[in-house]
Every structure is written in structure tokens, then in C-alpha cells.
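> next comes the sequence, and after it the predicted model I'd like to discuss.
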Amino acid sequence: MITSTAWKDKKYAVLGLARSGRATVEALLTAGADVLVWDDRAEARAPFSGRCAIGDPLEADLTGYAGVVVSPGVPLNTHPIKPHADSFGAPVIGDVELFAQARAELPPHKIVGITGTNGKSTTTALVHHILQEAGVPTTMGGNIGLPILEQEPLPEGGVYVLELSSYQIDLTYSLDCDVAVLLNITPDHLDRYDGDFAKYAASKSRLLAMQRRGQNSIARFTDARVLGQFAEGTIASILEDVLKNRGVEPSGQADWPSLQGPHNLENAAAAIEVCDILGLAGPQIRAGLESYRGLPHRMERVAEISGVAYVNDSKGTNTAASAPALAAFDNIHWIVGGLAKEPGLGECEAELGHVKAAYTIGKAGPDFAALLQPHVPVEQCETLDRAVAAAAAKAEAGDTVLLSPACASFDQYADFEKRGEHFRALVEGLT
């Protein structure tokens, strides 16, 4: 567990007692803080009965509170907790901000912060893997893995690799990353930013703005232009220039089996630059790229049956995320649809030459069918089980059946993981 003496005898409220909320409460209590906790679910509150105060912060006098810690899932633009806390001068923060406050008491270490609309999880896991394979003490946290405060502090020389969503950055004010990475910015989650892409982009850029002079920033040139500048005094790397500057040939991607497609070449470039900045040698980085086996639901090769590859890219929840998956293969039987985040085919339209046939599912299925029918054969399948069966019946050796829905899952599944797990189970049922 990561704690800080800076929290001792201070008052905090924690709203939401899912895993990160529970970890936050435990860390604060261990540090000697005075904690008020709340969750709408009685069963979530029960473990803290008798250990700390229980009550809704929206009904509490928050005068003198050092922070109101909320889940990143709380929409700050619409939830009443923000104006309520503001009226008492209490900052609304997240567990990553508490981690930033605890850094001074941790053994000497470095932090890599990674954000962007797409590719965050893969790049975070890849950096962590390369460091781990090179023998560097490291852990993942933030929007991936265990809650950061639940983890044990790393020994001296360790590297914390944090995946950070815009929601987490919105709740963070003092995280000074040794290396901050902005992979890309495309419209997403705009309901949290009043439909304003500029607000969303500004949220992402705050990861760079929190850095001190002399730290390292990595971003695409196009996104750096959108944001105006890197943080003043940081050492800036442009993502598009990484491979040539580090002596890596793009053709080397053929040796990275779990990093196929143009999007993964960008993810790999970011990881290469991060690890170079952290002092790893070229052979160590290459060995990590070659041994990396990927994350579930992100270009995950589930099986090969009768020469047909089945790939689970359920994490492709918008068109910008699915387009690179389409670009990575030929002769694709594309399973697409769900709860659309934006109208149209977006960036996927440019990759339709790779698609042999499409199978639509979910609420957006009819819209995708209408858009795709002028370009490729389409079957309106409505559900994933029908789509997998139809694609398997038509696919030939050398083809790829790709689930990359370009949509959220919530019309039919609890989350993209459940959708990907269902796809995996359906494919396993074909054997």
C-alpha cells in the first residue's frame, strides 16, 4: 500500500467505493486521516462501518476538508459534487492526485504518464513489459491494473507506468511525470466536455502542463500543434520522428507478433522513445518488443481455424480505434456495430479495401449496413453469435474474422470486455 504522512489528521471525503475507492480509503486510514465515505450501495459501505464516518458528502459540511476523492466515472460537468465541494473550498481530486502527493516519501523513482484517445493501454503495458524484461523494477497503474494506492512501493530505481484517461487527469493537479506521452487526440467522450472537443483536448494536454522544466514530453506533431506548445522547458520528442532517430526500421515490426498494424507501430514508437529516455539499450528494447504478447481485447489473436484467423479487437469502441485494425489485415470479415459514438464510418472508410464482407450487430447495425452496402457485401446479424457463425461459414483460408465494432458495447453488453469474452467463447465453440 502507498501512503503519506502528509494525509495524517486531515479530513477527506471519498465518494464511490468500487475498487479504487476502497483502496483510497484504506490508504487514507492507514495514514491516519479522518475519512468520510459514501456509496449508494449499502453493501459497499458495510466494510467501513465503525472504521470511519459514513455519509453522503453532498449533505456534509466540507469546511476544512483537504480533498473530496471521487471516481473518474463521476462526470464533473454535471454531477453536483463539484459545485458543492467548491462552495466549501474543498478540492475534488482522484487517487492519482493522492499518489502524486505521496511521491516525496517513496524511494527514488520515475513516473511515465501515458494518455491519448486510443492506444493508452497497449502502450502502457508495452512500456511496462520492456522495462520488466530488462530487469527494471516497475508496475502499472492508473487506468490499468490494480489501483495505484493498493500497490506496494517500488524499490529505488523503480518506474511507475501510469495509463491516464482524461477523466483521471481532470482530477489530478500535481503529477509531475518524468516522461509524459500524448499518443493522439480524436473526438471521444465529448458528453463529459459539453460537446466541446477543445475542452477534451485541453484536458489531455494538462498531463504535459503539470511537468517541471527539464522533464520529457512525447507527442505527435499534429497534436502538439493542436495544443499550441509542450509545457515550457520540457524536452520534447515528436512521435513521428522516433523510429528514424532511434535507428529502428519500420520493417522491424514484422518481428513484433503482437504489435501489428499502423496504430501499433505508433504505440511501439512511443514505447521505444520512453525506454530510450529511461536509459535502456537498443537490444533490451528490441527484445521487449519481440516478446510482448499483448492485452486482451486489443488486436488479440484468439485462434486460427482451418487457416482463418480470429481476432478480438473489442476495445475498438470508435471508428478511429477500429480503422488501424482494418489496416492491419487483408481479406477481413468485419464484425461491426453496437452503440455508436459518432455518425458515419469515420477513418474506417479509408480502409474498406481490406474488408471482404461485413456483419453488423447491435443498435447501430442498420446504420452501418446502409453505409457499407455500396462498398462490401453485408449481412445484418443483430447479435454477435449470429455474426460469428455467418463469418465462419464464409471465411476461407487466409482470411481474418475481425471483431472491431467501432462502437461502445452498452446496448448489448456490460462493457467491451464482456463483448470480447463472448467473442472468444464463440470462437472456441467453433473448434
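That came through, no problem. Residues are numbered from 1 along each chain as shown.
> C-alpha only now, for contacts and for neighbours.
OK.
> not counting its neighbours along the chain, what's nearest residue 329?
The shortest distance from residue 329 to any non-neighbouring residue, by CA to CA, 6 or more residues apart in numbering, is to residue 354 (6.6 Å).
> how close does the one you found sit to residue 97?
Shown here: residue 354 relative to residue 97, a distance of 44 Å by CA to CA, to the nearest Å.
> ok, those two, which is more surrounded?
The neighbour comparison of residue 354 against residue 97 (other CA atoms under 10 Å) goes to residue 97, with 20 against 16.
> now for the host helix or strand of the more buried one, which elements pack on it?
Using DSSP states H and E, residue 97 maps to helix 95-102. Where contact means 3 or more CA pairs under 8 Å, 6 or more residues apart in numbering; DSSP states H and E, helix 95-102 is packed against helix 19-30.
> beyond the helix it packs on, next helix or strand please.
Beyond helix 19-30 in the direction of the C-terminus, DSSP H and E gives the next helix or strand as strand 34-38.
> now the helix or strand just after that next one: buried residues?
Counting by DSSP H and E, the next helix or strand C-terminal to strand 34-38 is helix 42-45. For helix 42-45, a neighbour-count test (16 or more other CA atoms under 10 Å) marks 44-45 as buried.
> and the nearest residue to residue 151 once chain neighbours are set aside, what does it touch?
Among residues not flanking residue 151 along the chain, residue 1 sits closest, at 5.0 Å (CA to CA, 6+ apart). Residue 1 makes contact with 27, 149-153 under the criterion CA atoms under 8 Å, 6 or more residues apart in numbering.
> mind redoing it with 10 Å?
23-24, 26-27, 30, 147-153 (CA atoms under 10 Å, 6 or more residues apart in numbering).
> from the residues you listed, which is closest to residue 62?
residue 24 (18.3 Å; CA to CA).
> buried stuff in the helix or strand hosting residue 392?
Using DSSP H and E, residue 392 sits within helix 384-394. Of all the residues in helix 384-394, those buried under the rule 16+ other CA under 10 Å are 384, 386-388, 390-392.
> make TSV from those residues and add pLDDT and distance to residue 213 to it.
Converted to TSV, the buried residues of helix 384-394 look like this (pLDDT from 0 to 100; distance: CA to CA, whole Å):
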residue	pLDDT	distance to residue 213
384	98	50
386	98	55
387	98	52
388	98	52
390	98	56
391	98	53
392	98	55
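> in a markdown table, list these along with distance to residue 8.
Shown next, in a markdown table, are the buried residues of helix 384-394 (distance: CA to CA, whole Å):
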| residue | distance to residue 8 |
| --- | --- |
| 384 | 51 |
| 386 | 57 |
| 387 | 56 |
| 388 | 55 |
| 390 | 60 |
| 391 | 59 |
| 392 | 60 |
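> for residue 401, helix, strand, or coil?
Following DSSP: H, G, I helix; E, B strand; the rest coil, residue 401 is assigned to strand.
> my bad, should have said residue 185
Classification of residue 185 by three-state DSSP places it in coil.
> contacting residues for it?
Residue 185 touches 115-118, 197, 200-201, 204-205, 220, 222-224, 226-227, 320, counting by CA under 10 Å, 6+ apart.
> looking at these, which is nearest residue 269?
The nearest member of the contacts of residue 185 to residue 269, counting by CA to CA, is residue 220 at 10.7 Å.
> got any ranges where this structure has weak pLDDT?
224-231 (pLDDT under 70).
> domain parsing for it?
Each domain of the chain is listed here as a residue range: 5-93, 99-291, 300-428, per automatic domain parsing.
> just the terminal-to-terminal distance for the second one.
Taking CA to CA, domain 99-291 runs 31 Å from one end to the other.
> same thing with the shortest one?
The separation between the terminal residues of domain 5-93, taken as CA to CA, is 18 Å.
> how far does that domain sit from the chain's center?
24 Å (CA atoms, centre = their mean, to the nearest Å).
> and if you look at stretch 323-343?
On CA atoms, centre = their mean, the centre of stretch 323-343 falls 19 Å from that of its chain.
> how about stretch 326-344, which residues are buried there?
Neighbour-count burial for stretch 326-344, counted by 16+ other CA under 10 Å, picks out 326-341.
> where do the helices sit along the stretch 151-300 of the chain?
166-170, 197-209, 221-227, 242-245, 262-277, 282-291 (DSSP state H, counting those that start in this stretch).
> and the longest one, what does it pack onto?
Where contact means 3 or more CA pairs under 10 Å, 6 or more residues apart in numbering; DSSP states H and E, helix 262-277 is packed against strand 109-115, helix 120-133, strand 179-182, strand 216-219, strand 235-238, helix 242-245, helix 282-291, helix 319-327.
> in CSV: these, plus distance to residue 303.
Formatted as CSV, these follow (distance: least, CA to CA, whole Å):
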stretch, distance to residue 303
strand 109-115, 30
helix 120-133, 20
strand 179-182, 33
strand 216-219, 35
strand 235-238, 36
helix 242-245, 31
helix 282-291, 19
helix 319-327, 17
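> let me have the contacts of residue 1 in CSV, extended by distance to residue 102.
As requested, the contacts of residue 1 are arranged in CSV below (distance: CA to CA, whole Å):
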residue, distance to residue 102
23, 14
24, 12
26, 14
27, 11
30, 13
147, 14
148, 11
149, 9
150, 13
151, 13
152, 12
153, 10
